[in-house]
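Asks: this is a predicted model, with the sequence first.
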Amino acid sequence: MKVLVVEDDPDIRELLTLFFVAKGHAVETANDGQEALRQLQHVQPDLMLLDVVLPKLDGWGVLTAVRAQSRIPVILLTSLDDTEDVIKGLSLGADDYLCKPFEIRELEARIQSIIRRLEPVAEPQRIARGAIEIDERAKTVTIHGEPIALSPKEFYLLALLASDLGRVYTNEEIITELWGSDSRATGADVKQSIYQLRSKIERDPHSPQWIRNVKGFGYKLVV
C-alpha cells in the first residue's frame, strides 16, 4: 500500500513514516497543503493521512481538492476536536477523523476498518423472510408482494436484521453497521430508526409482529 502522510509537524511525520515502513508500506510525505496536491498527482497513493492545520493550504482545502478528483481513503489527523470540525471533515468527504494526540494502534485499527469496507463484497442477493422480500441489488422491499418505500437507513437496518433471522443485534452492532464504528450515534438513534422502520412495515408499530425488542440486549427479526 502507498501512503501519503501530509503533516507539518516533523516528529509526527517521522513517527508515521517509520510505522508504515515497518509494516511494509511505501510512504511519501508532504509538509504543506500545496505539496500534498502535487504529491497526490505524482504518487497516486492508496491512503492519505491529512493534517488539518497546514501552511499554504489547510486540510479542508486539500480534502475538497482531493474529493474533486479521487476517492482514495482520507483520514484526518488534527488537534481540532470540536464536534463541528468533525462534522465538517466528514461532510467534506473524509473517511475518518482522529484527534491528536492519538495512539498508533488506534490509527492502525481505523485504517484496517476502512480497508475492510473497501474490499469487494459478495454479490447482492435476494432475501426472503416470510412475507418480506428484500432485493439487495435493486434496493427494494416488498411485503406480501406490495412494494414498501424505505429510506436508505431503514433499508439497511431491515437487511441487517433479515441477514441472520432470529439473531439479536445489539445497539452497538447496529450503530457500527448503519453509522460506522467511529459514529457518535447512540441507543436513542437506534430506537428512533427501529420505530421508523416499524411504522413502514408493521401493521401496528406499537405492537410489532416482526421486529422484536429483546429487553436488555437489542433487536431481532421474527417471521
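Replies: Now that the structure is in, tell me what you want to look at. Everything numeric here is computed off the predicted structure, so don't read it as measured data.

Asks: mind listing what's buried along the least confident helix or strand in the chain by mean pLDDT?
Replies: The element with the least model confidence among the helices and strands of the chain, by mean pLDDT, DSSP states H and E, is helix 104-118, at a mean of 83. In terms of neighbour count (16 or more other Cβ atoms under 10 Å), helix 104-118 has its buried residues at Leu107, Arg110, Ile111, Ser113. (Glycine included, C-beta is placed from N, CA and C.)

Asks: repeat for stretch 136-149
Replies: Here stretch 136-149 shows Glu136, Val141, Ile143, Ile148 as buried, counting by 16+ other Cβ under 10 Å.

Asks: end-to-end on that stretch?
Replies: The distance separating the two terminal residues of stretch 136-149, taken as Cα to Cα, to the nearest Å, comes to 14 Å.

Asks: contact partners of that stretch?
Replies: Contacts to stretch 136-149, defined as Cβ atoms under 8 Å, 6 or more residues apart in numbering, come from residues 123-127, 131-135, 150, 152, 155, 158-159, 200-201.

Asks: 10 Å instead?
Replies: Outside stretch 136-149, the residues that touch it by Cβ atoms under 10 Å, 6 or more residues apart in numbering are 121-128, 130-135, 150, 152, 154-156, 158-159, 162-163, 197, 200-203, 210.

Asks: in strands, which of these appear?
Replies: Within those, membership in strands is found for Arg126, Ile127, Ala128, Ile132, Glu133, Ile134, Asp135, as judged by DSSP state E.

Asks: helix, strand or coil: sort out the spatially most central residue of the chain for me.
Replies: For the chain, the residue lying nearest the average C-alpha position, counting by Cα atoms, centre = their mean, turns out to be Gly180 (4.2 Å). Following DSSP: H, G, I helix; E, B strand; the rest coil, the label given to Gly180 is coil.

Asks: need the contact list for it.
Replies: If a contact means Cβ under 10 Å, 6+ apart, then Gly180 has Leu90, Asp95, Asp96, Ser113, Ile114, Arg117 as its contacts.

Asks: domain-wise, how is this structure divided?
Replies: Here the chain is described, according to automatic domain parsing, as comprising the domains 2-118, 126-221.

Asks: and the longest one, how far apart are its ends?
Replies: The straight-line separation of the ends of domain 2-118 (Cα to Cα) is 15 Å.

Asks: going forward can the numbers begin at 7, since that is how I track them
Replies: Shifting the count to begin at 7 puts that one at domain 8-124.

Asks: that domain: how far from the chain's middle?
Replies: Using Cα atoms, centre = their mean, to the nearest Å, the mean C-alpha position of domain 8-124 is found 16 Å from that of the whole chain.

Asks: for the chain, what spans make up the helices?
Replies: Counting by DSSP state H, one finds helices in the chain at the ranges 16-28, 39-49, 65-73, 89-97, 110-124, 158-169, 177-184, 193-207.

Asks: which strands and helices sit next to the fifth one?
Replies: Secondary structure elements in contact with helix 110-124, counted by 3 or more Cβ pairs under 10 Å, 6 or more residues apart in numbering; DSSP states H and E, are helix 16-28, strand 53-57, strand 80-84, strand 102-105.

Asks: and the contacts of that helix?
Replies: By Cβ under 10 Å, 6+ apart, the list of residues contacting helix 110-124 reads 7, 9, 21-22, 24-26, 29, 31, 52-53, 55, 77-81, 83, 101-104, 108-109, 182, 186-188.

Asks: let's see it at 6 Å
Replies: Contacts with helix 110-124, where a contact means Cβ atoms under 6 Å, 6 or more residues apart in numbering, come from Phe25, Pro79, Asp101, Asp102, Ser187.
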